[in-house]
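K.L.:
I would like to see how this sequence folds:
(one chain, ligands or ions: 1)
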Amino acid sequence: MNKKYNTIIQNIDNQILNLIYKRYSILEENELFNKFDEAYYKKLNLDNKEKSIKLFNLINLFENKNKKQNKILYLGPSGSYTQDAAIKKFGLLNSFFSVNSISNLFEEIEQENADYAIIPIENSLNGLVNDTLNAFLKYNLNVIGEVILDIHHTFASNCEDINKVKTIYSKDIAFDQCSIFLEKYNLHNIEHIYVESTTKAANLASINPNSAAICSDIAAFNNHLNIMFSSIEDNPSNKTRFFVLSKKDLEKKNDIEYKTSFLVELPNISGSLIDFLQIFKKENINLYKIKSHITKGISNFFIEFNGHKNDKNVKKILKKYKNIKILGSYKKEVEDI
Ligand SMILES: O=C(O)C(=O)C[C@]1(C(=O)O)C=C[C@@H](O)C=C1
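P.N.:
Residues are numbered from 1 along each chain as shown. Below you'll find the predicted structure:
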């Protein structure tokens, strides 16, 4: 864009932002927030830089309307954390579609029904997401990126009194992230029903009497649930890391710092893990994560290192260890969560 128009557009963007801030302040100062405004602003989260980027993307929507849009899948329904992660990674200028389970997200990408899928891989409180690892063992797809999201859960219900809640719906991993809250309010011994996503949980809580959901505030809002408690996660710095999944791999670039994730099944004999790890030391590769994952009695190790699968020293290892299943080499966004 030439300089003259650049300044004009920037001025307009600033005016739009200022007006939205002004509207927000009036609503806040005069306690005029209704549910819609609260959820709307929380979604934009104007006091937080990363969400301002979303707004910026929105402003650019018209300008970029001719740009090719990617088809991106997330674990839905709408309002899930995975949807938030998808928007954080790709911006709003794309087509987003919800899929009901992690294994179906893999299947859709396998069938080339979309360009990318966003899938949760690990949480700072809970560790690895088992459904995702099981799907990686079944499919041969590529991780081409990562995205990290702060996770804040709400306890939402249409019951007037917390003592009337007899059933709680949520995703397994979300229950685990809120164990202190559940114990504090004596909710750990009532019925817990595990469902595929926290948004499905919100939906079930809205149609079943005497129930509640652990979900995002947006999912609660979308399903007309009252938020009884906010930020109920055990640790306020609760984070989930998501992978960007694709059928096509990306070419290695020289100016990018890469991370690689892989799974490996090692023989159940003494010294096999230590022998395996020694080769990485020999090749001067920095392994920074190793976690074990057991499915159907077979133990796999989920391992990550700094570097790319096409690096000379990595290729040497891959030649020797045919049982290594590379999940992908992708741009490092953070050291760890
Ligand atoms: O259920 C959702 O809303 C999701 O996006 C999935 C998911 C997960 O499985 O890790 C994502 C982030 C939180 O850790 C809880 C749930």
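
K.L.:
mind giving me the packing neighbours of the one helix or strand Ala201 maps to?
P.N.:
Secondary-structure assignment from DSSP states H and E places Ala201 in helix 198-207. For helix 198-207, the helices and strands in contact under the criterion 3 or more CB pairs under 8 Å, 6 or more residues apart in numbering; DSSP states H and E are strand 154-157, strand 167-170, strand 211-215, helix 217-222. In this view, the C-beta of every residue, glycine as well, is placed from N, C-alpha and C.

K.L.:
extract the CA atoms of the second one and return them as CSV.
P.N.:
The C-alpha coordinates for strand 167-170 follow below in CSV (Å, rounded to 0.1, in the frame of the first residue of the first chain):
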residue,chain,number,x,y,z
THR,A,167,-24.1,-34.2,37.5
ILE,A,168,-21.1,-32.4,35.9
TYR,A,169,-20.2,-32.7,32.3
SER,A,170,-16.8,-31.9,30.8
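
K.L.:
partners of that strand, with directions?
P.N.:
strand 191-194 (parallel), strand 211-215 (parallel) (DSSP bridges).

K.L.:
close to the ligand, is that strand?
P.N.:
No: when contact is scored as CB under 6 Å from any ligand atom, no part of strand 167-170 falls within range of the ligand; the minimum is 7.8 Å.

K.L.:
equivalent analysis for the third one, please.
P.N.:
No: contact check for strand 211-215 against the ligand, using CB under 6 Å from any ligand atom: none in range, with a minimum separation of 6.9 Å.

K.L.:
how about stretch 117-133?
P.N.:
Yes: with CB under 6 Å from any ligand atom as the criterion, the ligand is reached by stretch 117-133 at Pro120, Asn123, Val129.

K.L.:
so what's the first one up against?
P.N.:
By that I understand Pro120. Leu75, Tyr81, Thr82, Ala85, Ile102, Val129, Thr132, Ile173, Thr240, Arg241, Phe242 (CB atoms under 8 Å, 6 or more residues apart in numbering).

K.L.:
shaky segments in the stretch 101-250 of the chain?
P.N.:
Scanning the stretch 101-250 of the chain for pLDDT under 70 picks out no residues.

K.L.:
which stretches of it form strands?
P.N.:
With DSSP state E, counting those that start in this stretch applied, the stretch 101-250 of the chain shows strands at 116-123, 127-128, 142-150, 154-157, 167-170, 191-194, 211-215, 226-229, 239-246, listed in chain order.

K.L.:
out of those, which one sits most buried?
P.N.:
Of all those, strand 211-215 has the most neighbours on average by mean count of other CB atoms under 10 Å, namely a mean of 29.

K.L.:
contact partners of it?
P.N.:
Contacts with strand 211-215, where a contact means CB under 8 Å, 6+ apart, come from 79, 153-157, 159, 165-170, 174-175, 178, 198-199, 201-202, 204-205, 219-220, 223, 225, 228, 232.

K.L.:
contact residues of the stretch 151-300 of the chain facing the ligand?
P.N.:
Close to the ligand, as judged by CB under 6 Å from any ligand atom, the stretch 151-300 of the chain has residues Ile151, Lys171, Ile173, Ala174, Ser197, Thr198, Thr199, Thr240.
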